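1. could you work out the structure for the sequence below:
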Amino acid sequence: MTRRIRIWVLLVLLAVGGTSLLALPPNEVWWEYYSDSSYTNLVGERALFCSGQTWSWGVRTSYYYTWSYPC
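-> Sure thing, here's the model as predicted:
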């Protein structure tokens, strides 16, 4: 009986842990990075997609716009 309980507990922990590892973001988020406070020279971009994948190019600065869309 004890072995069955241990197996059941292990399966529950794996199920709960597995779903949290597969959690996807609630929004798709985009960032545009600019060279200075004039926001005229785009120097990089970054994206977090609803699939959980990311994409980026260029450099990240403290001058950026960000926006998001619900997944």
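
2. residue ranges for the helices of this protein, please.
-> Here the chain has its helices, by DSSP state H, at 2-21.

3. distance between the ends of stretch 51-61?
-> One end of stretch 51-61 to the other measures 25 Å (C-alpha to C-alpha, to the nearest Å).

4. with stretch 55-71 instead?
-> First-to-last residue span, stretch 55-71, C-alpha to C-alpha: 17 Å.

5. can you list contacts of it?
-> The contact list for stretch 55-71 (C-beta atoms under 8 Å, 6 or more residues apart in numbering) reads 24-37, 39, 42-47, 49-50. C-beta: built from backbone N, CA, C; applies to glycine.

6. among those residues, name the buried ones.
-> Among those, those that count as buried by neighbour count (16 or more other C-beta atoms under 10 Å) are Val29, Trp30, Trp31, Glu32, Tyr33, Tyr34, Val43, Gly44, Arg46.

7. any chance of those residues in CSV, plus distance to Arg4 and pLDDT?
-> Below are the buried ones among the contacts of stretch 55-71 laid out as CSV (distance: C-beta to C-beta, whole Å; pLDDT from 0 to 100):
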residue, distance to Arg4, pLDDT
Val29, 45, 97
Trp30, 50, 98
Trp31, 50, 98
Glu32, 56, 98
Tyr33, 55, 98
Tyr34, 61, 98
Val43, 60, 98
Gly44, 55, 98
Arg46, 49, 98
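
8. those strands in the chain, which residues are they?
-> Secondary structure of the chain (DSSP state E): strands at 27-34, 42-48, 54-58, 63-70.

9. rebuild those strands as a markdown table, extending it with distance to Arg6.
-> Below are the strands of the chain laid out as a markdown table (distance: least, C-beta to C-beta, whole Å):
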| stretch | distance to Arg6 |
| --- | --- |
| strand 27-34 | 40 |
| strand 42-48 | 39 |
| strand 54-58 | 39 |
| strand 63-70 | 41 |
